[in-house]
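J.: structure, please.
(chains A and B)
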Amino acid sequence: MIKVLVFSPSFRMRAMIVGMVTCSDVEVESVTSRQALFRRCSEKLFDKVIIEDYRLFMNGSDAVRRIKIHCACSPRIMVLSSIMDERIVLALLDCGVDEYILLPLSPTRLRHKVCGR
Amino acid sequence: MIVFTLFYLIFGGAILLIYRRLSLRSVRAEMAAIERISSFITQGEGEVMIIGRGIAKMSFVRCLVFVADRTAEDAVETMQIILRYYHIESYLLKRIEGSSSREKAYYLALLARLPISKVVAGKVSKYMKNSSSDVRFYALLCMLAAVPELAVRYISELDERLSRRDIAEMLSVIGRGYCPIPYTPLLLSNNYNMQLLGIAMVRRFGIYESCKDLMHLVEYGEPELRMDALEALAYMSADCSDDSCSGYVV
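T.: All right, here's what the predicted structure looks like:
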């Protein structure tokens, strides 16, 4: 069972991502705040964490270390954003984000990336 | 006096509680609808009739618009199945008919953000002559969303100048994540709106190959557009040591 954690400040965005990734092989949880995200990551080991707020990694909060607190290679962090600026994308990848997905996104591709099918 | 104050406090508290419960209920209904829509368009199949259950039609339309805004071209066909099943286009067109200018503009804006059929372009073209500038603009957006291949023709036929905000909205409609129309004819045209759209497009998609055309605009373009062209060049980290930029670069 693939465990996925979804974080977005917007309830609509959370609902959309949960709807896209939910299937029989995936167990999805969602959180509404950054504190809840870090707390949940420290309590449970997730396979994938989908984050819709790229500013989380830009404010010096050491987000990557706090998300990957159990293991350096897990969970896989995927950031969704509509920003096309190459500098921001490279900065995110440099700080430890595993994948950057541009909005508008392809639902089937997102599910393929999460489920690995 | 104390009794009246207590009464108003209790009454006000009850109103707030009811409002909060109704808001939470509508939030939950929206979340459930968005989940069902996303699941349906991801799988590409399923029961369409359960998607719009338990939610008011206008809220359902807003949920569809939210999902359509954030999904790419490959989800369009499945979205259109939902639009046809729930007759969303005719519902919004009907609402536009009997409403004020402000509401017309709002419903046209919603319609423009959905993957609508080409038929809609003919039905909204009459609003291009409306007295309200917002209605005219959103009617144009609907026509662009319905028939993006004719975007250049529609924009070139406009009498009024579009603002940068208008162009940004236009780009989000006609290009769902990819560059929709060739940029060179836009940059090299004599039409202000087309040049502005071209500059916004190359900047948005980071089309470095357009630098030469942008330099040409900096030198020979309209005064209002020269700074836009220069900013686009700077944004793409282009080489601004050319003679055309010498008056602007310190």
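J.: mind listing the helices for chain B?
T.: B:2-43, B:57-70, B:76-85, B:88-97, B:101-112, B:119-124, B:133-146, B:151-156, B:164-174, B:184-188, B:192-205, B:211-220, B:223-235 (DSSP state H).
J.: residue closest to the middle of chain A?
T.: A:Ile50 (1.7 Å; Cα atoms, centre = their mean).
J.: isn't it up against A:Val6?
T.: Yes - if you go by Cβ atoms under 8 Å, A:Ile50 and A:Val6 touch, sitting 4.9 Å apart. Every residue, glycine included, has its C-beta placed from N, CA and C.
J.: shared neighbours of these two, which are they?
T.: A:Ile17, A:Val21 (Cβ atoms under 8 Å, 6 or more residues apart in numbering or on different chains).
J.: before we move on, the earlier item: partner residues bridging the residue nearest to the centre of chain A?
T.: A:Val6, A:Met78 (DSSP bridges).
J.: pLDDT wise, what is the residue of chain A found nearest chain B at?
T.: Closest approach between chain A and chain B, counting by Cβ to the nearest Cβ: A:Gly19, at 2.9 Å. We have a pLDDT of 93 for A:Gly19.
J.: burial measure for the nearest residue to it once chain neighbours are set aside, as a count.
T.: In space, and not counting its chain neighbours, A:Gly19 is closest to B:Ser38: 2.9 Å by Cβ to Cβ, 6 or more residues apart in numbering or on different chains. Using other Cβ atoms under 10 Å in any protein chain shown, B:Ser38 is surrounded by 27 other residues.
J.: count of residues packed around the residue of chain A closest to chain B?
T.: 23.
J.: wait, it touches B:Gly46, no?
T.: No - applying Cβ under 8 Å, one finds A:Gly19 not in contact with B:Gly46, separated by 11.4 Å.
J.: the closest residue to B:Met194 other than its chain neighbours - how many residues pack around it?
T.: Take B:Met194 and drop its neighbours on the chain: the residue closest to it by Cβ to Cβ, 6+ apart is B:Leu186, 4.7 Å away. By the criterion of other Cβ under 10 Å, B:Leu186 has 25 neighbours.
J.: same check on B:Ser100?
T.: 10.
J.: in contact with it, which residues?
T.: B:Ser100 makes no contacts at all, as judged by Cβ under 8 Å, 6+ apart.
J.: for it, phi and psi?
T.: The phi and psi values for B:Ser100, taken as degrees, to the nearest 10, are phi -80, psi 170.
J.: which residues of chain B lie near chain A?
T.: Within reach of chain A by Cβ under 8 Å from any Cβ of the partner chain, chain B has these residues: B:27, B:30-32, B:34-39, B:41-42, B:44, B:63, B:66-67, B:69-72, B:74-75, B:176-177, B:204-206.
J.: quick one: the helices of chain B as a markdown table, columns for mean pLDDT too.
T.: Listed next are the helices of chain B as a markdown table, based on pLDDT from 0 to 100:
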| stretch | mean pLDDT |
| --- | --- |
| helix B:2-43 | 86 |
| helix B:57-70 | 93 |
| helix B:76-85 | 90 |
| helix B:88-97 | 93 |
| helix B:101-112 | 93 |
| helix B:119-124 | 90 |
| helix B:133-146 | 90 |
| helix B:151-156 | 82 |
| helix B:164-174 | 83 |
| helix B:184-188 | 84 |
| helix B:192-205 | 87 |
| helix B:211-220 | 83 |
| helix B:223-235 | 85 |
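J.: reformat the ones you listed as CSV; add distance to A:Val79.
T.: As requested, those are arranged in CSV below (distance: least, Cβ to Cβ, whole Å):
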stretch, distance to A:Val79
helix B:2-43, 18
helix B:57-70, 14
helix B:76-85, 25
helix B:88-97, 32
helix B:101-112, 28
helix B:119-124, 35
helix B:133-146, 28
helix B:151-156, 31
helix B:164-174, 20
helix B:184-188, 32
helix B:192-205, 20
helix B:211-220, 30
helix B:223-235, 22
